[in-house]
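Novice: Sequence first, then the predicted structure, then my questions.
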Amino acid sequence: QGTRRRGPSGLRAQVPLAGRATPGLCGIPGARSAASRPRMALRRVGKKQKELTQQQKNEIKAAFDLFDSDGSGDIDAQELHVAMRTLGFEASKDEIAKMIADVDDDGSGEIEFEEFLKMMTIKMLNQDPKEEMTKLFDFFDHDKQGKITFENLRSVAESSNIGLTEAQLQSMIDEADRDNDGVVNQEEFFRILKRLS
């Protein structure tokens, strides 16, 4: 029992943004993806945030700094698109142009950090928690079978260079698998995310 309980809470890891990995089922990091903000998603499961946490603000700042490669203090439309993807948001060129117009108070066509923070705050606070959980489930269910198998979990752990034993991975599956069919379905996955939030 001790090992099973440690899985979800004891194996979460902080990963630098430049090598951003996605914590997944019970805290296993994965690769960069649209679901790259599950810690943020976990905080919002079942409820809307009223303001960003300091950790979220730090991640926004890290994403901004990563793409402000010339150190000018602002990013252009292309850099904005990539920075948003790093934070888990997809946007078309038209959406990017509208976002810049909405927050570009100085009319430069580029976004300074304060403008980027304002824009990402609005996006993050209005994100649907169920949509976040679904993205995270889909990340693990990369073979689109509608379930997370031991093989799915091992694949994510291996691609992320996470040194977990097969016993630890199996323990994570066992903890989430309420109907004892050996896999984690979406309902079971959502239940464990809600418990961790």
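Specialist: Structure received.

Novice: and residue 82, what element?
Specialist: In this assignment (DSSP states H and E), residue 82 forms part of helix 77-86.

Novice: can you count the residues close to residue 122?
Specialist: By the measure other C-beta atoms under 10 Å, the count of residues near residue 122 is 13. Every residue, glycine included, has its C-beta placed from N, CA and C.

Novice: where do the helices sit along the chain?
Specialist: For the chain, the helices defined by DSSP state H cover 2-10, 38-44, 54-67, 77-86, 93-103, 113-125, 129-140, 150-159, 166-176, 186-196.

Novice: Among these, show me which one is buried the most.
Specialist: Of the helices of the chain, the one with the most neighbours on average (mean count of other C-beta atoms under 10 Å) is helix 38-44, at a mean of 21.

Novice: any idea of the mean pLDDT in the helix holding residue 82?
Specialist: For helix 77-86, the mean pLDDT works out to 83.

Novice: Repeat that for stretch 56-71.
Specialist: Average pLDDT, stretch 56-71: 86.

Novice: Quickly note the distance from residue 159 to residue 195.
Specialist: In this view, residue 159 and residue 195 are 26 Å apart by C-beta to C-beta, to the nearest Å.

Novice: Outline the domain layout of this protein.
Specialist: 2-46+128-196, 54-125 (automatic domain parsing).

Novice: Lowest average pLDDT across those domains?
Specialist: Taking the mean pLDDT of the domains of the chain, domain 2-46+128-196 comes last: a mean of 66.

Novice: Restrict the helix holding residue 82 to CA atoms and write it as CSV.
Specialist: This file holds the C-alpha atoms of helix 77-86, laid out as CSV (Å, rounded to 0.1, in the frame of the first residue of the first chain):
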residue,chain,number,x,y,z
ALA,A,77,4.2,37.5,-33.7
GLN,A,78,6.3,34.4,-34.6
GLU,A,79,8.0,34.3,-31.2
LEU,A,80,4.5,34.8,-29.6
HIS,A,81,3.1,31.8,-31.4
VAL,A,82,6.0,29.6,-30.2
ALA,A,83,5.9,30.9,-26.6
MET,A,84,2.1,30.2,-26.5
ARG,A,85,2.7,26.7,-27.8
THR,A,86,5.2,26.2,-25.0
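
Novice: what about it, distance to the chain center?
Specialist: Averaging C-alpha positions (C-alpha atoms, centre = their mean, to the nearest Å) puts helix 77-86 15 Å from its chain's average.

Novice: and it, what does it pack onto?
Specialist: Counting contacts by 3 or more C-beta pairs under 8 Å, 6 or more residues apart in numbering; DSSP states H and E, helix 77-86 packs against helix 54-67, helix 93-103, helix 113-125.

Novice: Reformat those helices as a markdown table; add distance to residue 191.
Specialist: Output for the helices and strands packed on helix 77-86, formatted as a markdown table (distance: least, C-beta to C-beta, whole Å):
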| stretch | distance to residue 191 |
| --- | --- |
| helix 54-67 | 24 |
| helix 93-103 | 33 |
| helix 113-125 | 24 |
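
Novice: out of these, nearest to residue 85?
Specialist: helix 54-67 (9.3 Å; C-beta to C-beta).
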